[in-house]
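Visitor: The sequence and its predicted three-dimensional model are supplied below.
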Amino acid sequence: MKRNIQRAIFAAGCFWGVEEVFRNTPGVVDTRVGYTGGLLKNPTYEDVCRGDTGHAETVEVTFDSAKVTYEKLLDVFWNLHDPTQYNRQGPDVGAQYRSAIFYLTEEQKSKAEKSKARLDASGKYHDEIVTDIAPASDFFEAEEYHQQYIAKKGGETCRV
């Protein structure tokens with residue numbers, strides 16, 4: 001079977017739990033946590049936590065599209081957080097915890113928009129879905145201690 005390696009970037013709150021879910025999704029070959037969507041070059045965790053850089057905590061997902069589709073990754077994304085919470089997820093508050101899909105291609109943009117519209121029309125949520133769908137800017141890899149944090153600490157998730 002031919003491998004077709006692609007990348008996707010998602011933001012859905014604290015990147016530790018988001019990475020763990022994607023890391024354990026069949027067809028995903030690698031994950032990295034980092035920062036996307038801001039103006040500061042090479043931001044640190046402390047920079048992003050201040051909330052004034054414009055970055056979101058993100059997960060870069062490298063996947064084999066012969067084993068998992070981008071649409072399936074979108075389903076995983078929608079189901080692992082509340083896309084109606086503006087600039088927060090649970091107890092984590094600030095634009096760095098926003099819900100966002102950072103597309104890398106026009107095809108990803110189209111699929112993300114259609115997926116969001118389907119979810120919106122489904123009636124699953126009473127509130128509006130506030131997830132941003134935006135072109136990916138530079139992805140800055142987070143510090144090593146953040147990579148696979150949940151797996152290193154022996155937890156299942158960081159959700160409260």
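Guide: It's in.
Visitor: Any stretches of this structure with poor pLDDT?
Guide: 1, 155-160 (pLDDT under 70).
Visitor: For residue 37, which non-adjacent residue is spatially closest?
Guide: residue 56 (4.9 Å; C-beta to C-beta, 6 or more residues apart in numbering). Heads up, the C-betas are built off the backbone N, CA and C, glycines and all.
Visitor: I'd like the distance between the one you found and residue 41.
Guide: 16 Å (C-beta to C-beta, to the nearest Å).
Visitor: what's in contact with stretch 52-59?
Guide: 9-15, 18-19, 22, 31-40, 43, 47-48, 95-98, 100, 102, 139-140, 142 (C-beta atoms under 8 Å, 6 or more residues apart in numbering).
Visitor: What remains of those if I keep only buried residues?
Guide: 9-15, 18-19, 22, 31-38, 43, 47-48, 95-98, 100, 102, 139-140, 142 (16 or more other C-beta atoms under 10 Å).
Visitor: Show me which residues of the biggest helix by length in the chain are buried.
Guide: In the chain, assigned by DSSP state H, the helix with the most residues is helix 106-122. Neighbour counts over helix 106-122 (16+ other C-beta under 10 Å) mark 108-109, 111-112, 115-116, 119 as buried.
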